[in-house]
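Engineer: fold the following and give me the result.
(one chain, ligands or ions: 2)
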Amino acid sequence: MNRPPLKRFYVKSFGCQMNGYDGERMSELLEAEGMIAAEDAATADLVVLNTCHIREKAAEKVYSEIGRLKRADGTSPMITLAGCVAQAEGAEVLARTKMVDIVVGPQAYHHLPELIHQAASGKVVDIDMPVESKFDKLPARKKVGPTAFLTVQEGCDKFCTYCVVPYTRGAEISRPFSRIINEAHALVDKGAREITLLGQNVNAWSGEDDAGRPQGLEGLIRALDKISGLERIRYMTSHPNDMSEGLIEAHGDIKKLMPFLHLPVQSGSNRILKAMNRAHTTESYLSLLQRLREVRPDIALSGDFIVGFPGETEQDFQETLDLISEVRYAMAFSFAYSPRPGTPAADMDNQIDQGVSKERLQRLQALLNTHQLEFNQQTIGRKTDILIERAGKKLGQMIGKSPWLQSVIIEAPVKIGDMVAVELSEAGPNSIRGRQTESVMA
Ligand code: SAM
Ligand code: SF4
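Structural biologist: Ligands and ions are numbered 1, 2, ... in the order given. Got it, this is the predicted structure:
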């Protein structure tokens, strides 16, 4: 098909923060090719759907999203399917829909300009996991807000029995120390005051510093701590088995490392944890949290939970509720188990009825919500700083994040990127209200 030259692109990312980061990098790549960002898919010549395959619902959503790209006059933009659905389904995508022109996996998207060129003469699929790092081929960071993501680690070797990540993102790799530090400097030079280090197992990051000394994530964080202008450091997602004592101690003595940790446990039943191949127990998890609270008593804890994993009994589920009640999470993400093709759990013969999973999920979420509100209420009266990220819904409202990752709404003449001293004054389940206590310092 003959198409006019592609001028405007639109990238839409689904799923985790790592997809968000990849989406931004694809945009930068296309801009470096001379294209400009369109306001929406309807006005774009090229649409990139950067997809998520973690649960069936997320993966299926993509196909209805593709259908919606057809325009009233019967035409459609050039469509690229990127991300984990692309990796998992490869050429099958082209059999399922005629609308997609390019299928590109998460490790190959630096080939996008070349693939667009090739797509002029036919459909293309690139789901290679090349040995060269895509990060070395991407242009310098451009679009930077006050808070920025920086991928430091990708892939996973843990093979939890329910999870597609080891298949879609590939083996665990750590980006080199010096590249990360350089990217962090570039982000700060362009205005970032907070950086969140990203990885599927970010705390498994390892590398060598400039002097050739082996370092774990805490070593990387200590090096980032020295960057002037960088005021806040966060990282996610972590696995309990990679939570080293050095990293725990870093929470006690690095001021820029925010008092927040997302440490998924998935279940409170050791029997289910074993079937999930998590390789930790509820006891080992709880003792990690105890150490963390010793070094950083105010740390906000977050987690992920799966309910209705094959074979989960009411007793197993009750143990998950007990664990939640013991930890009292500041926030959490919870999901009904979704069988994913190709994973061992999908072939287990003791699958749980969806109605049962749904009902358990509701009970679990109700409990998590009470704890989230309780955590927010406990912070009322505290004086702290928030980093302003966006305008609120009502005129004059601005929203920033507290050190504990709560969204704090204030009404004050401040702007995006300001670090504002506030007193937290009123708690809701999903946000807090605050009062500015001092004028903004540059
Ligand atoms: N690496 C992280 C870890 O080990 O916790 C999380 C990665 S995964 C992208 C994010 C979350 O999705 C998981 O923690 C898990 O709770 C959930 N998840 C993964 N596979 C799932 C499945 N098949 N069904 C339901 N939830 C799932
Ligand atoms: Fe998936 Fe488990 Fe790896 Fe997390 S640790 S990405 S849940 S396989």
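
Engineer: so who does the most centrally placed residue in the chain touch?
Structural biologist: Nearest to the mean C-alpha position of the chain, by Cα atoms, centre = their mean, lies Gln17 at 2.5 Å. Residues in contact with Gln17 (Cβ atoms under 8 Å, 6 or more residues apart in numbering) are Phe149, Thr196, Leu198, Met236. Glycine gets a C-beta too; all of them are placed from N, C-alpha and C.

Engineer: quick one, phi/psi of it?
Structural biologist: phi -60, psi -30 (degrees, to the nearest 10).

Engineer: on that earlier part again, which of the contacts of Gln17 fall within strands?
Structural biologist: In this view, the contacts of Gln17 that belong to strands under DSSP state E are Phe149, Thr196, Leu198, Met236.

Engineer: tell me the pLDDT at the second one?
Structural biologist: What that stands for is Thr196. pLDDT, Thr196: 98.

Engineer: any idea how far the closest residue to it other than its chain neighbours lies from ligand 1?
Structural biologist: Leaving aside its sequence neighbours, Thr196 sits nearest to Arg234 (Cβ to Cβ, 6 or more residues apart in numbering; 4.3 Å). For Arg234, the distance to ligand 1 equals 15 Å [Cβ to the nearest ligand atom, to the nearest Å].

Engineer: could you measure Arg234 against ligand 2, distance?
Structural biologist: Counting by Cβ to the nearest ligand atom - Arg234 and ligand 2 are separated by 18 Å.

Engineer: what's the helix or strand where that residue lies packed up against?
Structural biologist: Using DSSP states H and E, Arg234 falls within strand 232-236. Under the contact definition 3 or more Cβ pairs under 8 Å, 6 or more residues apart in numbering; DSSP states H and E, strand 232-236 sits against strand 194-198, helix 217-225.

Engineer: between which two of the ones in strands among the contacts of Gln17 is the distance greatest?
Structural biologist: Of all pairs drawn from the ones in strands among the contacts of Gln17, the greatest distance, 9.6 Å, lies between Phe149 and Met236 (Cβ to Cβ).

Engineer: about what we covered before: ok, the residue nearest to Thr196 - contacts?
Structural biologist: Shown in contact with Arg234 (Cβ under 8 Å, 6+ apart): Glu194, Ile195, Thr196, Leu197, Leu257, Met258, Phe260, Leu405.

Engineer: who in this protein is up against ligand 2?
Structural biologist: Within the chain, the positions adjacent to ligand 2 are Cys156, Lys158, Phe159, Cys160, Cys163, Val165, Pro166, Gln200, Asn201, His239 by Cβ under 6 Å from any ligand atom.

Engineer: now restrict those to buried residues only.
Structural biologist: The neighbour-count criterion (16 or more other Cβ atoms under 10 Å) marks Cys156, Lys158, Cys160, Cys163, Val165, Pro166, Gln200, Asn201, His239 among these as buried.

Engineer: skipping adjacent residues, who's closest to whichever residue of the stretch 201-350 of the chain sits closest to ligand 2 in space?
Structural biologist: Closest approach between the stretch 201-350 of the chain and ligand 2, counting by Cβ to the nearest ligand atom: His239, at 5.1 Å. Spatial nearest neighbour of His239, excluding adjacent residues (Cβ to Cβ, 6+ apart): Asn201 at 4.8 Å.

Engineer: surely the one you found meets Lys158?
Structural biologist: Yes: the criterion here is Cβ atoms under 8 Å, and Asn201 meets it with Lys158 at 6.7 Å.

Engineer: identify the contacts common to those two.
Structural biologist: Common contact partners of Asn201 and Lys158 (Cβ under 8 Å, 6+ apart): His239.

Engineer: was I right to think Gly308 contacts Val356?
Structural biologist: Yes: if you go by Cβ under 8 Å, Gly308 and Val356 touch, sitting 6.4 Å apart.

Engineer: what about the two, which has more around it?
Structural biologist: Per other Cβ atoms under 10 Å, whichever of Gly308 and Val356 has more neighbours is Gly308, with 22 against 15.

Engineer: show me the contacts for the nearest residue to the more buried one once chain neighbours are set aside.
Structural biologist: Distance criterion Cβ to Cβ, 6+ apart; nearest residue to Gly308, sequence neighbours excluded, is Ser357 at 2.8 Å. For Ser357, the contact set (Cβ under 8 Å, 6+ apart) comprises Val307, Gly308, Ala336, Tyr337.

Engineer: any idea which element Ser357 lies in?
Structural biologist: Per DSSP H and E: Ser357 is located in helix 354-378.

Engineer: can you pull the buried residues of that helix?
Structural biologist: For helix 354-378, a neighbour-count test (16+ other Cβ under 10 Å) marks Ser357, Arg360, Leu361, Leu364, Gln365, Leu367, Leu368, His371, Gln372, Phe375, Asn376 as buried.

Engineer: confirm that Phe333 sits in a strand.
Structural biologist: Yes: Phe333 forms part of a strand when assessed by DSSP: H, G, I helix; E, B strand; the rest coil.

Engineer: what bridges to it?
Structural biologist: For Phe333, the beta-bridge partners under DSSP bridges are Asp304.

Engineer: residues contacting it?
Structural biologist: Contacts here follow Cβ under 8 Å, 6+ apart; on that basis Phe333 touches Ser302, Gly303, Asp304, Phe305.

Engineer: ok, now Leu224?
Structural biologist: Going by Cβ under 8 Å, 6+ apart, Leu224 touches Ile181, Ala184, Ile195, Leu197, Leu230, Ile233, Lys256.

Engineer: hmm, who's touching stretch 51-59?
Structural biologist: 14-16, 19, 62, 81-88, 163-165, 168, 335, 338-340.

Engineer: hmm, try it at 7 Å
Structural biologist: Stretch 51-59 has contacts (Cβ atoms under 7 Å, 6 or more residues apart in numbering) with 14-16, 19, 62, 81-86, 88, 164, 168, 335, 338.

Engineer: from the residues you listed, which land in helices?
Structural biologist: The helices, defined by DSSP state H, take in Asn19, Val62, Cys84, Val85, Ala86, Ala88, Thr168 from the contacts of stretch 51-59.

Engineer: lovely, talk soon.
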